[in-house]
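In: Quick one, what's the 3D model for this:
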Amino acid sequence: MAKNNSADDKRNRARENARQIAANQAKKEKTAKTILYVGIAVVVVVVLAVVGVLIFQQNKPAVSPENYVADGLTVGKDNTPVQPLKMPEGEESDLPAPSEAGANENAATVTVYIDFQCPGCKAFEEGNSSMLKKLADEGTIVVDYKPVSFLDRMSSGNEYSTRSANLAACVVDSQPEVAVDLFDALFAQQPEEGGDGRTDAELLKVAEDAGVDTSKALSADPEQTVESCVSEKTFEKFVEQSSQNALDSGVEATPWVLINGEKTENTSDSQALATEILKAAGEIKG
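Out: I've put the predicted structure just below:
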């Protein structure tokens, strides 16, 4: 009888050990599943948060620089920033009217779409900027510069078109009186197509040499300076949108030049361009 009890005890202990092993295994599996599910939940939350941030960044409105009107900077005599001759409906500006800056009553508007990476734009500016400035100083025209970013692909991933247009926006916003000098300097030191573009430090050096105070606060965001505006690409979204607006309006390349809203083909002939402008302003008969 004792032997039977001993055998029963062994069997009971074996069954109990098996039960405990099974219970422990089940507990481990439950813990592992809990950890797995928590991990998956954390990953999902992180992914959703990242997606949310990206959607917010994508959909948030662009910060618009001061002194641009209809995506452009209009200048008159002595490169003085002025309102466009015809203000777009719904837009306002604190800039002086062209007549207050010496523009004639029948002055023409010369609109120039420029990309600071564009060799053709550099050639246009070098060949025509003096003539355009002379006509603006005489009150015959106002010049509406519209920087765009069509050629980011030509700077080896540096996105020079966007970054230089962003710098232009930073300066137009904070100190528009030196903006045209900056434009000239950017073209004078234009990087080669297919090269590395310019670093932020190099862009800021170009600006400083052109008379820009890179420590000056922005008008659109007084907590930022021109320097931080460049490093943070504050107006990148604005540049993207204004470039798309240009494409939507029919601009196909740069330089793209309009005289009173009509495209001219005389971008490489300064004399012919001047004649066409003078006709548009009523200075000579066509």
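In: Just give me the neighbour total for the residue lying closest to Leu135 once chain neighbours are set aside.
Out: Excluding the flanking residues, the one nearest Leu135 by Cβ to Cβ, 6 or more residues apart in numbering is Ile141, at 4.7 Å. Heads up, the C-betas are built off the backbone N, CA and C, glycines and all. Ile141 sits with 31 neighbouring residues when counted by other Cβ atoms under 10 Å.
In: which residues sit in contact with Ile141?
Out: Contact analysis of Ile141 by Cβ atoms under 8 Å, 6 or more residues apart in numbering lists Ala103, Ala107, Ala108, Thr109, Val110, Leu132, Leu135, Ile277, Ala281.
In: any chance of those in JSON lines, with distance to Asp221 and secondary structure too?
Out: As requested, the contacts of Ile141 are arranged in JSON lines below (distance: Cβ to Cβ, whole Å; DSSP: H, G, I helix; E, B strand; the rest coil):
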{"residue": "Ala103", "distance to Asp221": "31", "secondary structure": "coil"}
{"residue": "Ala107", "distance to Asp221": "33", "secondary structure": "coil"}
{"residue": "Ala108", "distance to Asp221": "35", "secondary structure": "strand"}
{"residue": "Thr109", "distance to Asp221": "30", "secondary structure": "strand"}
{"residue": "Val110", "distance to Asp221": "31", "secondary structure": "strand"}
{"residue": "Leu132", "distance to Asp221": "32", "secondary structure": "helix"}
{"residue": "Leu135", "distance to Asp221": "35", "secondary structure": "helix"}
{"residue": "Ile277", "distance to Asp221": "37", "secondary structure": "helix"}
{"residue": "Ala281", "distance to Asp221": "38", "secondary structure": "coil"}
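In: any idea how far Glu223 is from Phe124?
Out: 37 Å (Cβ to Cβ, to the nearest Å).
In: okay, those two: which has more neighbours?
Out: Phe124 (23 against 7).
In: can you tell me which helix or strand that one belongs to?
Out: helix 119-137 (DSSP states H and E).
In: That helix - contacts with which helices or strands?
Out: On a contact count with 3 or more Cβ pairs under 8 Å, 6 or more residues apart in numbering; DSSP states H and E, helix 119-137 meets strand 108-114, strand 141-147, helix 179-188, helix 270-280.
In: Please work out which residues outside stretch 245-263 touch it.
Out: 71, 108-115, 118, 120-121, 124, 146, 148, 150-151, 264, 267, 273, 276-277, 280.
In: Buried subset of the residues you listed, written for PyMOL?
Out: Buried residues within the contacts of stretch 245-263, by 16 or more other Cβ atoms under 10 Å, are selected in PyMOL with:
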select buried, resi 71+108+109+110+111+112+113+114+115+118+121+124+146+148+150+151+264+267+273+276+277+280
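In: Pull the contacting residues for the residue nearest the centre of the chain.
Out: What sits nearest the mean C-alpha location of the chain, by Cα atoms, centre = their mean, is Glu236, with 2.4 Å. Residues near Glu236 by Cβ under 8 Å, 6+ apart: Thr162, Asn166.
In: now it: how far from Ser149?
Out: The value you get for Glu236 to Ser149, if Cβ to Cβ is used, is 9 Å.
In: so what sits against both of the two?
Out: Shared contacts of Glu236 and Ser149, counting by Cβ under 8 Å, 6+ apart, come down to Thr162.
In: what about the helices in the protein?
Out: Along the chain, counting by DSSP state H, helices occupy 2-59, 119-137, 160-174, 179-188, 200-209, 226-231, 236-248, 270-280.
In: Comparing those helices, which comes out most buried?
Out: helix 160-174 (a mean of 27; mean count of other Cβ atoms under 10 Å).
In: quick one, that helix and helix 200-209 angle?
Out: Counting by axes from the mean of the first three to the mean of the last three Cα atoms, to 10 degrees, helix 160-174 lies at 40 degrees to helix 200-209.
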